[in-house]
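Novice: Below are the sequence and a predicted model for it; my questions follow.
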Amino acid sequence: MMSPVSSREVLRCDRCSLVQFSTRNLLCRRCRNPLEVQEPEPVVSSPVEMMGSRPPGNRQSKVAVRLREIRNARHLSQRQLAARLEVPRTYISKIENGRAMPTLSSLQRLANALSVPMSEMVHDARYEREREIATMMEDPFLSEIAQWASGLDHLHRAMVLGHIREMAGGGRRTA
């Protein structure tokens, strides 16, 4: 039986060049920077294994897609983001490729490292709608109309909307 130490992977730190066994937290023992673990490619022997556990079409989670979008918009490499989080680069890669789902605390750390609110990391259709509404409410005219319109019933809202369309030239009234 092999001892636990001999079964661990030997890694070299990219920063200080220390050769060492892989640590539990995947940080260099000397400089405390993330160690990059090279994962062996899995051996696939059957068509069922080739499909994997992911759904057909190789769909990625919204978090994975959003993480890559934000990271690229900030002009950060996976390695740079991993260094900010003090995690291996392969962890970022796994998240972006849908092979790992971060915990809520990891999502918060990712959001902090990317300088975005956590809601940006997990946004969905509801988030998009709220963002569009917030953008519209920045317009003082629309904000004031929304304030008044909330107190109107359906009939009066329709009448006001008709008048606005008419004033804007979009409503064609026939006599």
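Specialist: Yes, it's here. Everything quoted here is computed from the prediction, not taken from an experiment.
Novice: can we go C-alpha only for contacts and neighbour counts from here?
Specialist: Will do.
Novice: For stretch 69-89, measure first residue to last.
Specialist: Across stretch 69-89, the terminal residues are separated by 17 Å (Cα to Cα, to the nearest Å).
Novice: which residue ranges form the helices in the protein?
Specialist: Ranges of helices in the chain, per DSSP state H, are 47-51, 62-73, 78-85, 89-96, 104-114, 118-121, 125-137, 140-149, 154-168.
Novice: Let me know which of those helices is the nearest to L27.
Specialist: Across the helices of the chain, L27 has its closest neighbour in helix 78-85 (10.3 Å, Cα to Cα).
Novice: That closest one: how far from the chain's middle?
Specialist: Helix 78-85 has its C-alpha centroid displaced from the chain centroid by 15 Å (Cα atoms, centre = their mean, to the nearest Å).
Novice: Return the helix or strand in this structure with minimum mean pLDDT.
Specialist: Across the helices and strands of the chain, mean pLDDT, DSSP states H and E gives its lowest value to helix 47-51, namely a mean of 38.
Novice: Select from the helices of the chain the stretch with the lowest mean pLDDT.
Specialist: Ranked by mean pLDDT, these end with helix 47-51 in last place, scoring a mean of 38.
Novice: Isn't L67 up against E120?
Specialist: No: the criterion here is Cα atoms under 8 Å, and L67 misses it with E120 at 9.1 Å.
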